[in-house]
Every structure is written in C-alpha cells, then in structure tokens.
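*Asks:* need a 3D model of the sequence below.
(2 chains)
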2 protein chains.
Amino acid sequence: MSVSLRGTNMPESPIRKLKPFADKAQAAGKKIYHLNIGQPDIETPPQMFDALKNYENKIVAYGPSQGLPEYQDALIKYYAKYNISLKRDDIIVTTGGSEAIIMGLTICLDPGDEIIVPEPFYANYNGFATAASVIIKPITTRLEDDWALPSPAAFEKLIGPKTRAIMICNPNNPTGKLYSKEDLSALAQLAQKHNLFLFGDEVYREFIYTQEKHTSLMHFPEIADRVIIMDSISKRYSACGSRIGAFISKNPQIMKAALCFAQARLCPPTIDQVMAIPTVDLDDKYFASMVAEYKARRDAVLAGLSSMEGVKYKTPLGAFYIIVKLPVDNAEKFVTWLLSDFEIDGETVMLAPANGFYNTKTLGHDEIRIAFVLNVAKTKKAMNIFAQGLKKYQSMH
Amino acid sequence: MSVSLRGTNMPESPIRKLKPFADKAQAAGKKIYHLNIGQPDIETPPQMFDALKNYENKIVAYGPSQGLPEYQDALIKYYAKYNISLKRDDIIVTTGGSEAIIMGLTICLDPGDEIIVPEPFYANYNGFATAASVIIKPITTRLEDDWALPSPAAFEKLIGPKTRAIMICNPNNPTGKLYSKEDLSALAQLAQKHNLFLFGDEVYREFIYTQEKHTSLMHFPEIADRVIIMDSISKRYSACGSRIGAFISKNPQIMKAALCFAQARLCPPTIDQVMAIPTVDLDDKYFASMVAEYKARRDAVLAGLSSMEGVKYKTPLGAFYIIVKLPVDNAEKFVTWLLSDFEIDGETVMLAPANGFYNTKTLGHDEIRIAFVLNVAKTKKAMNIFAQGLKKYQSMH
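*Replies:* Below is the predicted model:
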C-alpha cells in the first residue's frame, strides 16, 4: 500500500535527519553541544509560567478559531510597538509559525503554483510546499554577496504565469542577513508590478545586532493587500514548544479564506495562548538583555571561526544563525563524523549540514549552519571542538 | 489581490457560521443553550490540571516531532486496553485530531485524488479536503436505514481510478451510528479488493450507549497496512482546547511520510502533551460515569423529541450527536429564527443546520444536528425551548 506522490516527496528535516547519529553518540556516553537546531537555552519568561499556574478554568475548552480575543488584543499592543497598526480582524492566531506558512501557501496558491524564495532558506519551507503541492522556485543568494537579495531583474527571470508569491524571512534563517528598507521597497515594487503576494516570515524581528531597526513588510501601506506576515512566539520568548504563532494580513479576502481554514482545524491551543498573553507587557529591557546575550554568543561563534583556517562566512546582523563554508567536499559527512568518530574529553558538537537549506540540489554541500543558541561558555567549548575536529578531519582527507 | 481557487473554496464551518446571529442574541441579553457544537461542559480531569501545576521545566522547548516519548508510551497503554497493540513507531502525536486527518489526506492522496466518505459526515472533513486539494466522494446514509453503511455494491459504484481511500467516523459524528464488526469487516474486504486506504476517525471510541463493544479498524490485522486511525483526547477527556491528537498506522511507509510531515511543523504542543500523560491512568470508572452522564443527556434529548410532532430521528448508540429531520423546509432559517426572533423567559437554543454535514448539496436542508453536551437540567430546558419554538415557527409558516 503506497503513499501518494507528495507523501513520497515529503522531505526529511535536514536539521533532524542526523538525529540517529546523535542518539548513538549519546548512548555511547558522549556529550553533544547542539548548534544544529534553533532551540534556545534561554529561560521562558516567568510571566508565562505564572499565567500557567494561575489557570483557573475547569474545562480546557475550544477557543475561537481566530484565537482568544484577549490574546489578539495583546498582539495588537505588541505590533503597535513596531509601528504596525492592526485590528482583531487582521490576526489569526496559529499553531506555531508553521501553521501560518501552511495557511498562506494553501489559501494563496493552488497545486502547481509557484512561490519564489531566496535560498538558502528555512528548510521546512520545502516540507510545507510539498504538503501544499506548490512549487518553490529558489533564487540563490551568495556568501560572496553577503547574502544580499538578488536584483529585481534576477527575480523577474523566475517570474512566470504560475508565479503567485515571493516569500522572505527577515532577519534571515539561516544566513543571519537583515534586509534593509530599500531591499524590501524593491521587493514591494516587484510584487506590485507582477501582481504577486509577499509573504514575510518575521519570527526573528527582535534579533538584531546593529543599530538598524527592523523593517516589516507591513511598513509598506501601498502593498498592504498583498502582504502576509507569518509570526511566532517560539524564539522571542523561548517558547518553541508552545506552538503559538500568527497569520497577519490586511486583505479581507485573504483573512476570510484564512478564517475558513482556521475554522476547519477548530482552534490553536488554549492554555498556550493564555500563557502568551502577558508577554506583551515584557518591557524593552527583556529584549535588550536577550539580544545582548545572543550578540555575545554570536561573537563567541565569530571568534571561534576567525581562528579556523579555510572557513568562509559573513557576520550575521540578525536572527541567530550563520552559514559557514567549510574547506571540505561534503559537510554532511564531516558533521556525521563529528558525531560518530570525534570527541574531546567525551564531548562533541552537532552542526546542521546546509545543503538541506538549498532547494537547488547542487548547492550548500560544503556549508553548515550554526545556531548560536547556547550560552557563551558552552559556545566556546563547542566552537573549540568544531575547530579541532575540522583540523583533524582535514588531516585525514 | 485574489486568493487561490482552493482559498476561495474553503468552506465556512456550518457549526460556526451562525455565530454572528448568536453574538447578536447574546448582545441583546438572551441566554443561549448551545446544542450546536461538540464542546462538552464536563470538567477536564483534575489529573490534567495537576500535571499543569506541577510543570517544572524552565523552558517550554520543542519536543520530538512524533510526540513526547512519555506520552507515546501512555498512548500505547491506553490502546492496549482496547486490544490495539502499538509500538512507538506506530504513533505520531498530532495537534488535535484535525492535524491527523490533514496528514492522512496529504500523504496518502495527491491533488485530485478521491476519498469516499459516508455522509452526513463531520463537516470539517470538507475543509481538510479543500486544503489538501483532494475530492470527497460522498456516499449517502439515510435516517430511514438507521444511518447504516451502504452496501459494498453501492461503494463500488463510486470507486474509480482516482479513488485512494475510504474514511469513516465510528461512532459517528453527526449521526450517532455505531458500526458493527460485520459492517467494518465488509469495508475491510472492500479496501483489500480495490487496494484502498481505510481511515478511521475514532475519537468517540468510549461514547457507546449499548452493550456492544467498539470495533476499531485496528482490529483487522489483514488490512493493517492500509489502516490509519485518527484520534484525539478532545472529547474523551473534555480537553478540546488542548489540541492533542494522534495519527496511528502500522504501515512503515505511511509512518515515514507522516514523520516527515510532522518534522516540517516541528512538534505538537509540549505542555498539553505533559497534561495528557496522566489520563492513561484514569480508571474504568471515569469512562463509566462519563458515559452514564452522556446517556442521561441523550435520553433527555430523546424524551424532548418524542413529544414533538413531525420530527424524525433514530436513537444514537454512540458519540454524542443526533440528526433530526424537522417538519420545516429550511432548517437553517429555523435555526436562525430561534436565535433572532424567539425566546422563552429570555432564553433560546442554538442548533446546527445539518446541510453542512452533507457533501451532496441537495441533502440535509430539513435536518439539524444536536450535540448533547449540556447537563440534563439544561438539556431539558433547551429541548423545551426547541419544541416550543418549532411549534410557533410551524404556526407561522
């Protein structure tokens, strides 16, 4: 009994596919520093746990399909701080950012339709596109160009009769690139010219390591009817397991279709929304200290990389990832080898091979992605293991 | 900027579409008895809240994509009580039963493929099918036949080159029908003969008001490779807002594709899974008293209906719904009228028009669905309002 074509084509998560090797290493008693996955070790704000402990309802009931009104109102307050003015009808609370992306692909694209995405990109976009039976047309960004968005002309080469949308992640996972207002303005014009939707994955909005402010796709009123923001509390409140995200648009037709989609699956998790409500009142200090911490981690990664021979990278200004080009032919083999055959004092490090972040099959095979999600001391240790491992691996190959 | 064809086609939830009228009635000060939606008023087991209050982790982290191993093990114990023997690899914990159904449709069917579903059926199947770009071929069951499954020959008339699966809900929402072992055995043979998947929505497994035991599609080892069970804790533990379900199959190829799907969306909600773990230790008394309570509610509904002239219905033996044929042309108009223009002492009742539970557009227009989810006292009041309302409505039309 065979699954469907799209079932067969569902890609394995490149971030999670080496897990068996990690499990084996762990079973053998090795300690692993996980730089492969965006699971922060920062504590979830205590306000969220207070809300949990104070949960008084005797029934965990369905909430409204669009999310609890109290949480929608909290989100309105949150976005207002970023000069994004929303009303309840512009917001559907989703089960993680994941569901918001699936929703966008499903209600804006039909099977066989195309969406242009700068690569490397968040690998799970591939899975969402396969599930929605839509086609990602990758537009390659390059380390040598500091991962800059390609020119409008380069985009236009990919725009055909089936193209319905462009999706960007800003700040970018996995490159750490922060797109400027000018970059986005060019995209906005392109979307208008070719009548395309613009999807903005902005889950790393606060994670910026420069003076520049984040520009949202929502900051361009002239394209408000074609913009959808996909958002999530996972990273900004270190609450990945809460699965609370948001689907945001000012186009009533989009919101009507999204609400129908949302009604079918009934509602996002109730208690997790209740927990998320107080996050809106976290003051600027919360983000300031969080970003300072991530900046220190990034700097520890950069310091580690600067001592390694033959690696290439650009300083990430946003999110908490960096793509590193290694002096090896096959980064996946190297990453696997680190788990299986290398250790220092019983410890090793896990990295994510970057080929899974490219849609173009030939790209990324000598690159890895690092998530700087461990504290500085651990990051230093992990980077040292990485450096020593690379040296040894090179000497053997 | 227009949404896609499937975005346009996303159906409104028939259960929720009359909400504006309910909101208006409520705003006008009317109290509404909700017999329209399967939101039980039974309390969520205190064990779940204990688990919540005892949650000690400082980070709400991603769990494994297939679910927390502790919760998978709890599910293995739960299913063993029903003579369903599972191992961890047979189970993926999902975000509600909803996600399990979307998963099944996505990995077993390609866009344009067909699935046969006895109608009336759980209305949200329409939304899931639209999202997955697959086509539901309804096979009509009838009140006059006590909602019995049609004959294999009737099914065969609908089986064509695009047919990939049959989906049943047992016990059935919205008819309350409990399918027998013989019924399911015939389906199993049919699935084998025509090489089809069999999807079983078994979320009402415990809700049975007769001596007959529930038969699961998992009880037919000869079709184990073509069976998927979609399950949920929503109803059995009155935890609809937890959004914890399960996708279960013994076909490794299905589970591999499902795991890839699951990896893309990362994980089901972590804390809600932790809450669900202790439910496995609820003893038989829990279900016995819950089912006794629902049986009393059902009997109160039946008593109410027996006093009403011109209504037709069959005694539901499972789930907590009943379809009632009314002596009116347009049940949706009647249901709307109950909200807008009728009350007894400031109270009214909300019912679900049944046409939304049919895929065949011409059917169900004189039928409603009642969910018997309110306690007996409230059910009696609600049924009285319904009876008086119907009498008055008939006298006016």
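*Asks:* can we go C-alpha only for contacts and neighbour counts from here?
*Replies:* Noted.
*Asks:* whatever residue of the stretch 151-300 of chain A ends up closest to chain B: neighbour count?
*Replies:* Closest residue of the stretch 151-300 of chain A to chain B, C-alpha to the nearest C-alpha: A:Gly241 (4.3 Å). Using other C-alpha atoms under 10 Å in any protein chain shown, A:Gly241 has 24 other residues around it.
*Asks:* again with A:Thr94
*Replies:* A:Thr94, neighbours per other C-alpha under 10 Å, totals 28.
*Asks:* identify the bridge partners of it.
*Replies:* A:Gly245 (DSSP bridges).
*Asks:* quick check: it vs chain B, distance?
*Replies:* Here the criterion is C-alpha to the nearest C-alpha, to the nearest Å. By it, A:Thr94 lies 11 Å from chain B.
*Asks:* check A:Pro11 too.
*Replies:* Distance from A:Pro11 to chain B, by C-alpha to the nearest C-alpha: 6 Å.
*Asks:* equivalent analysis for A:Ser2, please.
*Replies:* In this structure, A:Ser2 and chain B are 7 Å apart, going by C-alpha to the nearest C-alpha.
*Asks:* same check, this time on A:Ala61
*Replies:* 5 Å.
*Asks:* may I have the residues that are in contact with the closest residue to that residue other than its chain neighbours?
*Replies:* The spatially closest residue to A:Ala61, leaving aside those adjacent along the chain, is B:Gly241, at 4.5 Å (C-alpha to C-alpha, 6 or more residues apart in numbering or on different chains). The contact partners of B:Gly241, by C-alpha atoms under 8 Å, 6 or more residues apart in numbering or on different chains, come to A:60-63, A:267-271, B:234.
*Asks:* tell me if I am right that B:Gly241 is in a strand.
*Replies:* No - read with DSSP: H, G, I helix; E, B strand; the rest coil, B:Gly241 is helix and lies in no strand.
*Asks:* about what we covered before: among the contacts of B:Gly241, name the buried ones.
*Replies:* A:60-63, A:267-271, B:234 (16 or more other C-alpha atoms under 10 Å in any protein chain shown).
*Asks:* surely A:Gly11 meets A:Gly127?
*Replies:* For the record, residue A:11 is Pro, not Gly. Yes - if you go by C-alpha atoms under 8 Å, A:Pro11 and A:Gly127 touch, sitting 5.8 Å apart.
*Asks:* what touches both of the two?
*Replies:* B:260-261.
*Asks:* what does the stretch 151-300 of chain A put close to chain B?
*Replies:* Neighbours of chain B within the stretch 151-300 of chain A, by C-alpha under 8 Å from any C-alpha of the partner chain: A:195-197, A:225-226, A:238-243, A:253-254, A:257-258, A:260-261, A:263-272.
*Asks:* kindly recompute the last result at 7 Å.
*Replies:* By C-alpha under 7 Å from any C-alpha of the partner chain, the residues of the stretch 151-300 of chain A that approach chain B are A:225-226, A:238-243, A:253-254, A:257, A:260-261, A:263-265, A:269-270.
*Asks:* quick one: which of the residues you listed sit in strands?
*Replies:* Among those, no member is found in strands (DSSP state E).
*Asks:* quickly list what A:Ile208 is bridged to.
*Replies:* The partner residues for A:Ile208, given DSSP bridges, come to A:Gly318.
*Asks:* what number of residues lie near it?
*Replies:* Applying other C-alpha under 10 Å, I find that A:Ile208 has 23 neighbouring residues.
*Asks:* could you do A:Val93 as well?
*Replies:* If we define neighbours as other C-alpha under 10 Å, then A:Val93 has 29 of them.
*Asks:* go ahead and confirm it touches A:Phe247.
*Replies:* Yes - between A:Val93 and A:Phe247 there is a contact under C-alpha atoms under 7 Å: 6.3 Å.
*Asks:* may I ask which helix or strand encompasses the one residue in the stretch 101-250 of chain A that gets nearest to chain B?
*Replies:* Chain B sits closest to A:Ile107 of the stretch 101-250 of chain A, with a gap of 3.8 Å, by C-alpha to the nearest C-alpha. Per DSSP states H and E: A:Ile107 is located in helix A:96-108.
*Asks:* residues in contact with that helix?
*Replies:* Under the contact criterion C-alpha atoms under 7 Å, 6 or more residues apart in numbering or on different chains, helix A:96-108 has outside partners A:94, A:128, A:132, A:230-232, A:243-247, A:257-258, B:3-4, B:6-7, B:131, B:265.
*Asks:* what lines up beside the helix or strand following that helix in the sheet?
*Replies:* Next along the chain after helix A:96-108, taking DSSP H and E as the criterion, comes strand A:114-119. In the sheet, strand A:114-119 lines up against strand A:135-140 (parallel), strand A:163-169 (parallel) (DSSP bridges).
*Asks:* past strand A:114-119, which element shows up next along the chain?
*Replies:* Taking DSSP H and E, what comes next after strand A:114-119 is helix A:124-132.
*Asks:* contacts only, for A:Ile229.
*Replies:* Residues in contact with A:Ile229 (C-alpha under 7 Å, 6+ apart) are A:199-202, A:247-249.
*Asks:* write out the residues of the stretch 1-150 of chain A neighbouring chain B.
*Replies:* Neighbours of chain B within the stretch 1-150 of chain A, by C-alpha under 7 Å from any C-alpha: A:1, A:3-8, A:10-13, A:39, A:43-44, A:53, A:58-63, A:98, A:106-110, A:124, A:127-128, A:131-132.
*Asks:* contacts only, for A:Ala224.
*Replies:* Counted by C-alpha under 7 Å, 6+ apart, A:Ala224 has contacts A:218, A:250-251.
*Asks:* can you map out the helices along the stretch 151-300 of chain A?
*Replies:* A:152-158, A:181-193, A:252-264, A:270-276, A:284-306 (DSSP state H, counting those that start in this stretch).
*Asks:* spatially central residue for chain A, please.
*Replies:* A:Asn173 (4.9 Å; C-alpha atoms, centre = their mean).
*Asks:* state the phi and psi torsions of it.
*Replies:* Torsion angles at A:Asn173 (phi, psi; degrees, to the nearest 10) stand at phi -100, psi 120.
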